[in-house]
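# could you look at this predicted model? Sequence included:
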Amino acid sequence: MSSRSRATELRVLAGAVGVGALVAAVAGIRHRRSTRGLTLSSDVEPNALLKTPTLEADISELTTDDGAIIHVRAYGPVDGDPIVLSHGWTCSTEFWYPQVNALAGEYRVITYDQRGHGRSTVGNLPLGPDVLADDLSAVLAATVREDKKAVIVGHSMGGMSIIAWAGRHPDEVKKYASAVMLASTASERLIAETTVIPLPNRFPRVPVPVGRALLSSPVPFVSSGAMTKAIQYFSMSPNATKAEIQFCENIVRECEPHIRGGWGAVLSTLDIHEGLDNLEVPTTVLVGSLDRLTPPVHARKLARVLDDAGNLERLIVLPGVGHISSIENIDEFDKEIVRLRNL
């Protein structure tokens, strides 16, 4: 790992154990420099960043070659520096409301519904990583200019979309991206290294058929206390607030069961690790320490590959945070986006 990456981990550890007033002072300076154009949770009423944005979105729809309609929303000044956000499995553009609320006052924040999610239709192609890559490519071509490149951020399946895009469209990476953030994501072995299902020591990993059956299940989600607890267990930490859990539950429940199952089957056998070799821009890898779906072992693997190629900007492990890192620690998540934007 590069010295810059080691410094990042040292800063995270220092913050966790409260080491030294000097570290705190330096962090304060960096905080002031990095939060220009960013609304922090402390600046607004509680949970305000989770609310529907008051800014009006510029809405467009892209039609793919196989007939899918990809729903795109852009917030903030048209001439603002672009930030493109790619959401994860079972989510939608609404997932990014906290980032829109925090960033779109200064930046052009671009979101889109993954194929089959939200207001985007599923089209005729078989679901797979190539579809994720091509849809992101279409969004970038429609929203980002080569003379004003974007910070591209992907959470979970959105991060996989970025890796798949880099593998399938390597010539577009430097064309459209100034930097990338891969959040709470992986490139392979999702089932083998999940910690969602605790196993006895004699069973080192979840059998692929079992994991595939779980991820591909089209069982409807019915609002209930049990569902709320399940969502928190699978995707959030014990530290998540009721408002954060409810926000995520409302979004996940809207995903059609057959779409959830279809994409779940894809994720269960995903292997796109070769795409990492083409991410030739500064790339931050971020994960919550309590992430069960894509535990930190995945982030460290991604960081190691990126670092070997000289493209790792930072490896950030957020203490006490689960899989939904962009919701459970909005401020730290957004501060890193702004830092990448200001490189």
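On my side now, so go ahead.

# look at the closest residue to Gly275 other than its chain neighbours and give its secondary structure.
Take Gly275 and drop its neighbours on the chain: the residue closest to it by CB to CB, 6 or more residues apart in numbering is Gly167, 2.8 Å away. Where you see a C-beta, it was placed from the backbone N, CA and C, and this is true even at glycine. For Gly167, the reduced secondary structure class is helix; criterion used: DSSP: H, G, I helix; E, B strand; the rest coil.

# what about Gly167, neighbour count?
Other residues near Gly167 number 21, with proximity taken as other CB atoms under 10 Å.

# correct me, but it touches Leu270?
No. In this structure, Gly167 sits apart from Leu270 without contact. The criterion is CB atoms under 8 Å, and the distance is 11.7 Å.

# any shared contact partners between the two?
Taking CB atoms under 8 Å, 6 or more residues apart in numbering as the contact criterion, the residues that touch both Gly167 and Leu270 are Pro129.

# related to what we said a few turns ago, local confidence estimate at the residue nearest to Gly275?
Model confidence at Gly167, expressed as pLDDT, equals 98.

# next one: Arg6
Among the per-residue scores, Arg6 holds a pLDDT of 45.

# equivalent analysis for Glu9, please.
For Glu9, the predicted pLDDT is 45.

# again with Gly20
Checking the pLDDT column for Gly20, the value is 33.

# again, but for the one 10 residues further on
According to the model's per-residue confidence, Arg30 sits at a pLDDT of 38.

# and the one 3 residues further on, by the same measure?
Listed pLDDT for Arg33 reads 38.

# after the worst-scoring helix or strand of the chain on mean pLDDT, next one along is what?
Of the helices and strands making up the chain, the lowest-confidence element is helix 21-34, at a mean of 36, by mean pLDDT, DSSP states H and E. For helix 21-34, the following helix or strand on the C-terminal side (DSSP states H and E) is strand 58-63.

# hey, C-alpha coordinates of that following strand in PDB?
Extracted C-alpha coordinates of strand 58-63, given in PDB (Å, rounded to 0.1, in the frame of the first residue of the first chain):
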ATOM      1  CA  ASP A  58     -33.700  17.900 -14.400                       C
ATOM      2  CA  ILE A  59     -35.200  14.600 -15.500                       C
ATOM      3  CA  SER A  60     -34.300  12.700 -18.600                       C
ATOM      4  CA  GLU A  61     -34.800   9.200 -20.000                       C
ATOM      5  CA  LEU A  62     -32.300   7.200 -22.000                       C
ATOM      6  CA  THR A  63     -33.400   4.400 -24.300                       C
END
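
# after that strand, next one along is what?
Of the helices and strands lying after strand 58-63 in sequence (DSSP H and E), the nearest is strand 69-75.

# what average pLDDT does that following strand get?
Averaged across strand 69-75, the pLDDT comes to 98.

# buried ones in that strand?
Taking 16 or more other CB atoms under 10 Å as the basis for neighbour counts, the residues of strand 69-75 that come out buried are 70-75.

# how about the CA coordinates for that strand, as CSV?
Taking C-alpha atoms only, strand 69-75 is exported to CSV below (Å, rounded to 0.1, in the frame of the first residue of the first chain):
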residue,chain,number,x,y,z
ILE,A,69,-35.6,3.1,-20.4
ILE,A,70,-33.0,4.4,-17.9
HIS,A,71,-34.4,7.2,-15.7
VAL,A,72,-31.8,9.9,-14.9
ARG,A,73,-32.1,12.9,-12.5
ALA,A,74,-29.6,15.8,-12.3
TYR,A,75,-29.7,18.3,-9.4
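
# and that strand, which strands flank it?
strand 58-63 (antiparallel), strand 108-112 (antiparallel) (DSSP bridges).

# got a markdown table for the buried residues of strand 69-75, with distance to Gly116 too?
Formatted as a markdown table, those follow (distance: CB to CB, whole Å):
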| residue | distance to Gly116 |
| --- | --- |
| Ile70 | 10 |
| His71 | 11 |
| Val72 | 15 |
| Arg73 | 17 |
| Ala74 | 21 |
| Tyr75 | 23 |
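
# of the residues you listed, which is the nearest to Ser137?
Within the buried residues of strand 69-75, proximity to Ser137 (CB to CB) peaks at Ile70, which comes in at 10.7 Å.

# which residue packs closest to that closest one, ignoring adjacent ones?
The shortest distance from Ile70 to any residue that is not its chain neighbour, by CB to CB, 6+ apart, is 4.3 Å, and that residue is Leu62.

# residue contacts, the one you found?
When contacts are counted by CB under 8 Å, 6+ apart, Leu62 touches 69-70, 72, 138-139, 142.
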